[in-house]
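K.L.:
What would the 3D arrangement of this be:
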Amino acid sequence: MQITPNKRIYFASDQHFGAPTPELSFPREQKFVAWLDEVKKDAEAIFLLGDLFDFWFEYKTVVPKGFVRVLGKLAEIRDSGIPIYFFVGNHDLWMDDYFEKELNIPVYHDNQEYTFNGKTFLIGHGDGKGPGDKGYKRMKKVFTHPFSKWLYRWLHPDIGMKLAQYLSVKNKLISGDEDVKFLGEENEWLILYSKRKLETKHYNYLVFGHRHLPMIVPVGEKAEYVNLGDWISYFTYGVFDGETFELKKFE
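P.N.:
Here you go, the predicted structure:
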């Protein structure tokens, strides 16, 4: 993709709408819609890197109640001709084809490679990458298996959604009971993963979410690991203008 002069590519991740309750999530949804209204003015494309929702499950004829303003704004932007790309996170990993059919937004379940103005990008949510976290990796294989989705679909939506919200709020990161701290380059799994990927192929930017900490870390010659932060504590997003990548805060 060649970026049009004076246009930008925008990146955001980890909004977790619906957590810890719909009522407490609503102001964050309003703020995110205001951000979408702002960036659509000069957006060449928008990348959403997962965990847009704190939980998402698509029954054959039912999707989670709520999020109308967010979904409506995404539809408006997409209908205007601006491409939007969605990467599932660990909280919305059961996303299927609703976004593709209703919003014309492609959905990706793993990393994708892109080239913008000659700069190479590796883009994904970031969960289950790098060394360690073997328990989660095993759990993800179980959750993403077609049989698991088929089994969960037998729960009535009212029961399935309530159960999922209860389990999600138990996550201290989302409930606000835990401070996320930088662990150092030698202990940050996504930094280690980025360095390992660079051993076989060069990327200028390796862009992820999941970690909830906004950071740009050099990981090689002309290569940077980027974490987009979140829309719970930081309200940060990434901007690429064709030459450089920046993290900014939406006030």
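
K.L.:
Output the longest helix belonging to the chain.
P.N.:
Ranked by residue count, the top helix of the chain under DSSP state H comes out as helix 22-39.

K.L.:
Buried residues, that helix. List them.
P.N.:
Ser25, Arg28, Glu29, Phe32, Trp35, Leu36, Val39 (16 or more other C-beta atoms under 10 Å). Glycine gets a C-beta too; all of them are placed from N, C-alpha and C.

K.L.:
who's in contact with it?
P.N.:
By C-beta atoms under 8 Å, 6 or more residues apart in numbering, the surrounding residues in contact with helix 22-39 are 8, 10, 12, 15-19, 46, 54, 66-67, 69-70, 73-74, 77, 231-232, 235, 237, 250.

K.L.:
follow-up on the earlier one: just put the buried residues of helix 22-39 in a markdown table and tack on pLDDT and distance to His210.
P.N.:
Converted to a markdown table, these look like this (pLDDT from 0 to 100; distance: C-beta to C-beta, whole Å):
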| residue | pLDDT | distance to His210 |
| --- | --- | --- |
| Ser25 | 92 | 19 |
| Arg28 | 96 | 18 |
| Glu29 | 97 | 20 |
| Phe32 | 98 | 18 |
| Trp35 | 98 | 20 |
| Leu36 | 98 | 21 |
| Val39 | 98 | 21 |
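
K.L.:
re the thing from before, out of the contacts of helix 22-39, which are inside strands?
P.N.:
Arg8, Tyr10, Ala12, Ile46, Tyr237 (DSSP state E).

K.L.:
Now render these as a markdown table, adding pLDDT and distance to Glu246.
P.N.:
Formatted as a markdown table, these follow (pLDDT from 0 to 100; distance: C-beta to C-beta, whole Å):
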| residue | pLDDT | distance to Glu246 |
| --- | --- | --- |
| Arg8 | 98 | 10 |
| Tyr10 | 98 | 11 |
| Ala12 | 98 | 13 |
| Ile46 | 98 | 16 |
| Tyr237 | 98 | 9 |
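
K.L.:
Which among the contacts of helix 22-39 count as buried?
P.N.:
Counted by 16+ other C-beta under 10 Å, the contacts of helix 22-39 give 8, 10, 12, 15-19, 46, 54, 66-67, 70, 73-74, 77, 231-232, 235, 237 as buried.

K.L.:
Any idea how far stretch 6-23 is from the middle of the chain?
P.N.:
Chain-centre distance of stretch 6-23: 8 Å, with C-alpha atoms, centre = their mean, to the nearest Å.

K.L.:
Repeat that for stretch 107-125.
P.N.:
Averaged C-alpha coordinates place stretch 107-125 at 13 Å from its chain's average position (C-alpha atoms, centre = their mean).

K.L.:
what's the answer for stretch 204-221, then?
P.N.:
Chain-centre distance of stretch 204-221: 13 Å, with C-alpha atoms, centre = their mean.

K.L.:
What is the end-to-end distance of it?
P.N.:
Stretch 204-221 stretches 9 Å from its first residue to its last (C-alpha to C-alpha, to the nearest Å).

K.L.:
mean confidence for that stretch?
P.N.:
For stretch 204-221, the mean pLDDT works out to 96.

K.L.:
for the longest helix of the chain, the distance to its chain's centre please.
P.N.:
Distance, centroid of helix 22-39 to centroid of chain: 15 Å (C-alpha atoms, centre = their mean).

K.L.:
quick one on the thing from earlier: out of the contacts of helix 22-39, list just those in helices.
P.N.:
Arg69, Val70, Lys73, Leu74, Ile77.

K.L.:
any idea how far the nearest residue to the fourth one once chain neighbours are set aside is from Val63?
P.N.:
Right, the one you point to is Leu74. Excluding the flanking residues, the one nearest Leu74 by C-beta to C-beta, 6 or more residues apart in numbering is Leu103, at 5.7 Å. Applying C-beta to C-beta, to the nearest Å, the value for Leu103 to Val63 is 12 Å.

K.L.:
same question, Tyr98
P.N.:
Separation of Tyr98 from Val63 (C-beta to C-beta): 6 Å.

K.L.:
Sweet, I'm off.
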